[in-house]
Every structure is written in C-alpha cells, then in structure tokens.
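J.: Predicted model and sequence follow; I will ask about them next.
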Amino acid sequence: MNQRLLIRDLTLRDGQQSLFATRMSQNQIERVLPFYKKAGFYAMEVWGGAVPDSIMRFLSEDPWFRLESIKSEIGDISKLTALSRGRNLFGYNPYPEDVIEGFNRNAVKSGIGIMRIFDCLNDVDNMVSTIKYVKENGGLADCAVCYTVDPKFTTKQKVKALLKGKKLPTDVFTIDYFVAKAKEMEALGADIISIKDMAGLITPIVCGELVRRLKKEIDLPIDFHTHCTPGYGLAACLVAMINGVDILDTNIITFAGGPAAPSYEIIRIFADKLGIDTGVNLEAVMKIDQELRIIRKELAAFDCYKQFPIEFDFLNSKLPESVDKLFDVAIELAKNEQNKEDELLNVIHLIEEYFNFIAADEAVKAAEIPGGMYTNMLAQLKQLKLEHLLPKVLETVPMVRIECGCPPLVTPTSQIVGAQAVNCVIDKINDKPFYTNVSNQFFNLVKGSYGRTPTEIEPAFRLKITGESEAIPYDTSKYKKQENPMILEKFGGVRLAANEKEELLMELFPTVAQTFLKNKKEQEMMEIRAEIACQKAAEIEKQRAVYQNMSIEEKQKRLLKGLENYNWGSVVSNPKVLED
C-alpha cells in the first residue's frame with residue numbers, strides 16, 4: 001500500500017458540472033481560490049468539459065480568462081487540470097491538426113499543467129495528436145481509459161439471437177481489455193493513466209482487480225476517477241486506496257456524492273485510519289466548504305437535489321462511536337480477499353446515510369448506464385409524452401449498442417446510443433422498421449467518422465445505415481474553418497475574433513462563441529466610447545475652470561488671439577457669420 005496518496009480536486013469543474021449544470025460564476029470561483037491556495041491539492045480540475053461552452057452560453061464569461069485567473073491565483077501550488085476528447089476536443093467530428101495544436105498549446109500556456117485526454121470509443125489513435133502537443137508545450141498527458149460494462153441482454157434477446165444464428169458479444173470489456181488500452185497509451189508517451197469511470201459503474205471487486213493489474217504492468221502513476229450515482233463510488237475508492245492507487249479524484253463534501261465524485265473529507269477519514277498521507281491541509285478544505293455551502297445556495301435554481309451533507313467539523317469533532325466503527329468495518333471488508341462486496345456496500349451506504357449524501361440511484365444501477373444517459377432518454381420520452389416506453393427503451397439500448405460497435409457509454413456516445421434507442425422504439429410503435437429514423441450522429445458513428453469501435457460493425461448494418469459497407473474515416477482535409485467577419489461597422493469595424501484564442505473558441509463552439517464574442521465586442525466598444533466621452537467632458541471642465549480663474553486682461557488676450565486666428569475670408573463671402 002502507498003503511504004502517500006495524491007488528490008486531484010474536481011470541485012470547480014466536474015463537481016459543479018455534475019450537480020449544478022456548470023453555473024459557477026467567475027466571482028464564485030474567485031471567492032474560494034485563496035483557500036485552495038492553502039489547501040495544497042496535488043491537482044485541481046478547473047477547465048475543459050462543459051466549462052468553456054457553459055460559461056460563454058449562460059454567464060457571458062471568457063473561458064480563457066477563467067483559466068488564466070485561476071492560474072494567476074494558484075500559481076504552482078496545485079497543477080491545474082482540464083478535460084478534452086482527443087481529436088474531437090469538445091465536439092463530435094475530429095479536428096485538423098492545426099486546431100488541435102493551437103488549442104493544446106494555448107491551454108498549457110494559459111495554465112493547464114495536466115491535460116486529461118480520453119476518447120469516447122477508447123480509440124487510442126484519436127489521442128495521439130493531443131498527447132504530442134500537450135507534451136511539446138510542457139504539460140503532462142493524463143491518458144484516460146474509459147471504463148464501461150458489457151451490454152446486458154434479456155433472455156428473450158438471447159433466444160432470438162440464437163434462433164437467427166447470431167452470436168451476441170460477451171466479455172468485450174474485460175480487465176485485459178482495459179490493461180491493453182493503458183499499455184497502448186503508455187507506449188505513446190502518457191505521463192499518467194486514469195481509470196475514467198464516468199458512469200460510476202465499476203464495482204469494488206473489479207476496481208481492486210484493475211488497479212492491481214495496472215500497478216503491476218504499467219510503470220506510470222495510476223489515477224482513479226469515479227462517480228457515486230449507482231452507489232459504488234466511495235467503496236470503489238476505498239478499494240483503490242488499499243490496492244495502491246497513486247492519485248484519487250474527489251470533490252469537497254458540499255459538491256460531492258450522487259452524480260458527482262466522492263467526498264475528500266470522507267476519503268481523508270479512511271486515509272488517516274490507513275496511515276496514508278494525502279498532503280492536503282484539512283483546515284483550508286473546511287474553509288473552502290464553508291464558502292461552497294453559501295455558493296450552493298446561490299445555485300439553488302440549478303440544484304436538482306437540494307440535499308446538503310451534514311455540517312461536520314472534521315478537524316475538532318469526533319464521529320459517533322457507531323459511525324467510526326463503520327469506517328473500521330469497511331476497511332476490513334475492503335481488505336478481505338473473499339467476496340464481501342455486498343457487505344462492504346451496505347456499510348458504505350450507512351456511512352453515506354449518516355453524512356446525508358444522495359442515495360444510490362437504483363434505476364441507473366439496474367440499467368447499468370450513465371445517470372446522464374438515463375435522464376436524457378427519460379426527458380426525450382417525456383417531451384413526447386411517451387415516458388411509459390422507458391422500460392422498452394432500456395431493453396433496446398444493448399441491441400443498438402452492439403450493432404454500432406459496442407461503444408463505451410461516455411459523452412457523447414452515451415447520448416448517441418440513448419437517443420437512437422428512443423428513435424427505434426418510436427419507429428416500432430409507429431409500425432416502422434428499426435432505424436427508419438436515424439440521427440446524424442448515429443449515422444456518423446456507424447460510418448466510422450468518430451474512429452474505430454471496440455467491436456466490428458457488420459458490413460450489412462453499415463450499408464443499411466450509411467449506404468457504404470466499409471468504414472469511412474472523417475476526412476479533415478474537407479474541414480472548413482469558421483469565418484472571422486468584420487462587425488460593428490458603426491464603430492469603425494473590428495474582427496469578431498481578435499486573436500488566436502478567440503479564433504479557437506469560434507472553431508470549437510461556433511454558435512455559442514459567435515454570440516459571446518459579438519456581445520463582448522459591443523460591450524468593449526461601448527465602454528471605450530463612454531471612456532472617451534468622459535475624458536472629453538473632463539478636459540472641457542478643466543479648460544472651463546482655467547478660463548474662469550483668469551484675470552480680465554488674460555481673458556481679453558485670449559479673445560483677441562482667437563479673433564486673429566479667425567477665418568475672416570468667410571465674413572467677406574458671408575456677412576451673416578458676424579451674427580453668429
């Protein structure tokens with residue numbers, strides 16, 4: 001077991017994104033930074049993911065300024081981390097090399113120390129360019145293996161496939177699969193390997209096996225990232241710690257649990273009992289949490305749960321004896337090599353209940369899909385007043401998934417597969433064949449635009465969906481860059497994007513960035529005009545004051561001088577001038 005565990009705090013990116021729709025404002029971020037500076041986390045995830053889009057779209061704030069301001073305050077105390085999707089960056093289709101290079105160069109130069117890179121298909125080829133450009137510019141390449149589980153089929157689906165002579169895939173996402181992916185990433189120059197369990201589906205037993213294998217076969221730090229939606233998160237983190245994981249991703253307690261990552265404070269209790277040093281200042285963490293409680297109330301409009309963890313003084317207060325005992329029991333169960341997983345989970349859930357965390361989502365746990373995918377499908381059905389079809393959609397998801405190459409259920413493939421499953425069920429109730437209604441994203445996934453899927457797509461299915469039986473990768477040579485038009489002609493005209501960073505925003509978030517930049521430029525121009533007007537008014541007032549303080553003789557001299565300089569030729573041609 002390691003005697004030192006590094007902590008990556010996710011609160012300011014993944015935490016607020018998971019719980020509060022990424023609505024923390026610049027002011028709210030700045031209020032907690034002085035405490036983060038004293039906390040001394042190994043790393044802080046503050047950027048990437050939904051941050052750049054959301055703060056432009058909803059808060060009219062500059063993503064680059066957000067990053068640079070955090071770097072200015074935190075300095076080198078904690079490494080700043082961002083999340084991106086390799087060649088896809090923040091979109092669906094791969095970007096050309098110059099966009100990938102420009103984004104990563106500017107991200108690192110603006111403060112990112114660690115770029116967490118993942119691909120929604122676990123297609124390592126899609127990560128090559130980002131690894132290269134991050135490292136060339138002095139950043140660390142944190143390469144994430146996206147964890148997922150095999151599709152789960154009903155007995156009826158198995159029998160139907162058997163009668164058709166079709167073999168349903170099993171054992172796709174094994175420990176060997178994930179370790180092999182990590183080795184590919186290590187060979188490409190990864191500095192860190194992350195187990196990225198975005199859906200919280202990894203069970204404690206599997207987590208222990210995977211961490212042990214990676215620690216044995218990979219000569220790099222291993223990071224574990226999970227969420228708590230189905231109820232495995234905290235137990236899996238404990239097992240990861242016991243099996244020697246190097247870095248653990250956590251949130252400050254008020255932004256932890258449920259769809260978010262486990263709480264640092266609870267992890268700290270386990271670490272202290274295990275004799276593991278996290279190197280984090282707990283007093284500073286508690287001050288961060290005090291401010292986050294206020295901020296969470298300010299974000300109430302975006303808080304779906306409104307269930308706050310209890311207030312507890314982790315520095316000075318003692319846990320009730322019965323609760324403290326639960327931590328000890330959990331450690332013993334997690335160390336037990338026999339299968340004690342159910343007992344461990346029961347004890348962990350009692351701990352979470354004491355601290356008033358959101359309970360495990362049993363529907364998501366049973367469906368074995370990400371919570372966001374589940375809620376997206378339900379919302380899609382509710383909009384059509386077809387929510388009663390949800391069980392049928394959940395039954396359809398595995399079949400849709402295997403036909404499109406069994407992609408991991410992570411953003412954006414989880415949304416693509418989920419939306420297509422809804423479309424298929426609606427096709428069925430309208431007496432139409434499955435895939436009568438196909439989304440553009442599903443079309444492109446099957447076509448091969450997003451990369452190689454974990455299993456081969458049958459040529460006949462690809463032909464049915466795309467009209468081509470062979471995969472056709474996305475051709476970045478046909479990529480058209482966004483135009484950078486002249487705007488504000490009434491003010492003399494300026495370019496919509498004034499520099500490379502703004503041009504990158506245009507490439508990555510075309511619609512949102514155009515609106516944001518136009519509003520930004522208009523605001524800047526209005527401020528400039530207002531400043532010029534103020535300066536002119538101040539100068540006039542200054543001259544008036546000077547004139548009023550002059551003697552009568554000085555005033556007469558100034559008047560005579562003005563008359564000498566006057567254009568008297570205009571009087572000859574137009575005597576009425578004298579009247580003026």
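T.: Arrived safely, thanks for sending. Numbering: from 1, shown residues only.
J.: Show me which helix runs longest in the protein.
T.: In the chain, assigned by DSSP state H, the helix with the most residues is helix 510-548.
J.: Near residue 297, how many other residues are there?
T.: 12 (other CB atoms under 10 Å). Any C-beta I mention is one placed from the backbone N, CA and C, and that applies to glycine too.
J.: what does the model give the closest residue in space to residue 513 that isn't next to it in sequence for pLDDT?
T.: Counting by CB to CB, 6 or more residues apart in numbering, residue 513 lies nearest to residue 505, which is 4.0 Å off, once chain neighbours are set aside. pLDDT for residue 505: 97.
J.: And residue 505, how far from residue 52?
T.: According to CB to CB, to the nearest Å, residue 505 and residue 52 sit 7 Å apart.
J.: what touches both of those two?
T.: Listed contacts common to residue 505 and residue 52 are residue 63; contacts here mean CB atoms under 8 Å, 6 or more residues apart in numbering.
J.: and the host helix or strand of residue 28, average pLDDT?
T.: Taking DSSP states H and E as the criterion, residue 28 maps to helix 26-39. The average of the pLDDT scores along helix 26-39 is 98.
J.: where's it relative to the chain centroid, distance-wise?
T.: In terms of CA atoms, centre = their mean, to the nearest Å, the centre of helix 26-39 is found 19 Å from the chain centre.
J.: ok, now which ones touch residue 129?
T.: Taking CB under 8 Å, 6+ apart, we find residue 129 in contact with 86-87, 97, 100-101.
J.: and which of those residues is nearest to residue 242?
T.: Using CB to CB, residue 86 comes nearest to residue 242 of the contacts of residue 129, at 31.6 Å.
J.: count of residues packed around the closest one?
T.: Based on other CB under 10 Å, the number of other residues close to residue 86 is 26.
J.: Isn't it up against residue 133?
T.: No: Residue 86 lies out of contact with residue 133 (CB atoms under 8 Å); the separation is 11.0 Å.
J.: Going by contacts, tell me the helices and strands next to the longest helix of the chain.
T.: helix 51-59, helix 500-508 (3 or more CB pairs under 8 Å, 6 or more residues apart in numbering; DSSP states H and E).
J.: Where do the helices of the stretch 151-300 of the chain begin and end?
T.: Here the stretch 151-300 of the chain has its helices, by DSSP state H, counting those that start in this stretch, at 155-163, 175-187, 204-217, 233-242, 264-274, 282-298.
J.: With mean pLDDT as extra columns, can I get those helices in JSON lines?
T.: Formatted as JSON lines, those follow (pLDDT from 0 to 100):
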{"stretch": "helix 155-163", "mean pLDDT": "85"}
{"stretch": "helix 175-187", "mean pLDDT": "98"}
{"stretch": "helix 204-217", "mean pLDDT": "97"}
{"stretch": "helix 233-242", "mean pLDDT": "98"}
{"stretch": "helix 264-274", "mean pLDDT": "98"}
{"stretch": "helix 282-298", "mean pLDDT": "98"}
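J.: Most tightly packed of the ones you listed?
T.: Highest mean neighbour count among those (mean count of other CB atoms under 10 Å): helix 233-242, with a mean of 28.
J.: Name the SS class of residue 453, please.
T.: With DSSP: H, G, I helix; E, B strand; the rest coil as the basis, residue 453 sits in coil.
J.: my guess is it meets residue 403, correct?
T.: No: the pair residue 453 / residue 403 is not scored as a contact, 10.3 Å apart, by CB under 8 Å.
J.: residues touching the residue nearest to residue 141 when sequence neighbours are not counted, list them.
T.: In space, and not counting its chain neighbours, residue 141 is closest to residue 131: 4.4 Å by CB to CB, 6+ apart. Counting by CB under 8 Å, 6+ apart, residue 131 touches 117, 141, 143, 185, 188-190.
J.: Going by residue numbers, what spans are helices in the stretch 301-450 of the chain?
T.: With helices called from DSSP H, counting those that start in this stretch, the stretch 301-450 of the chain shows them at 321-335, 341-354, 362-367, 371-383, 390-403, 413-429, 440-447.
J.: what's next to stretch 517-530, contact-wise?
T.: Residues contacting stretch 517-530 (CB under 8 Å, 6+ apart): 60, 62, 487-488, 491, 494, 496-498, 502, 505-506.
J.: Ranking by neighbours, what's the top pick from those residues?
T.: Among the contacts of stretch 517-530, the one with the most neighbours (other CB under 10 Å) is residue 505, at 24 neighbours.
J.: In PyMOL, how would I select the buried members of the contacts of residue 129?
T.: Command for PyMOL that selects the buried part of the contacts of residue 129, burial taken from 16 or more other CB atoms under 10 Å:
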select buried, resi 86+87+100+101
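J.: For residue 76, grab the count of nearby residues.
T.: By other CB under 10 Å, the residues close to residue 76 number 8.
J.: how close does it get to residue 199?
T.: According to CB to CB, residue 76 stands 34 Å off from residue 199.
J.: Equivalent analysis for residue 442, please.
T.: 20 Å.
J.: Counting neighbours, go ahead and name the busier of the two.
T.: Neighbour comparison, residue 442 and residue 199: the larger count goes to residue 199, with 28 against 24 (by other CB under 10 Å).
J.: excluding its backbone neighbours, what's nearest the more buried one?
T.: Per CB to CB, 6+ apart, closest to residue 199 is residue 370, 3.6 Å.
J.: what do you get for residue 63?
T.: residue 52 (3.8 Å).
J.: The one you found contacts residue 508, correct?
T.: Yes: taking contacts as CB under 8 Å, residue 52 lies within contact range of residue 508: 7.2 Å.
J.: Find residues that contact each of the two.
T.: Going by CB under 8 Å, 6+ apart, residues that sit against residue 52 and also against residue 508 are residue 90.
J.: Neighbour count for the two, which is higher?
T.: residue 52 (26 against 20).
J.: State the distance from that one to residue 518.
T.: According to CB to CB, residue 52 stands 17 Å off from residue 518.
J.: How about residue 27?
T.: The separation that residue 27 has from residue 518, given CB to CB, amounts to 23 Å.
J.: Looking at these two, which one has more neighbours?
T.: residue 518 (14 against 11).
J.: Quick check: residue 556 is in a helix.
T.: Yes: Residue 556 forms part of a helix when assessed by three-state DSSP.
J.: Count the neighbours of it for me.
T.: Residue 556: 11 neighbours (other CB under 10 Å).
J.: Check it and give its pLDDT.
T.: Here the pLDDT value assigned to residue 556 is 71.
J.: Also residue 328?
T.: On pLDDT, residue 328 comes in at 98.
J.: again with residue 564
T.: 59.
J.: and stretch 286-304, how far from the chain's centre?
T.: So, by CA atoms, centre = their mean, the centroid of stretch 286-304 is 19 Å from its chain's centroid.
J.: now swap in stretch 268-284 and tell me
T.: For stretch 268-284, the distance to the chain centre is 26 Å (CA atoms, centre = their mean).
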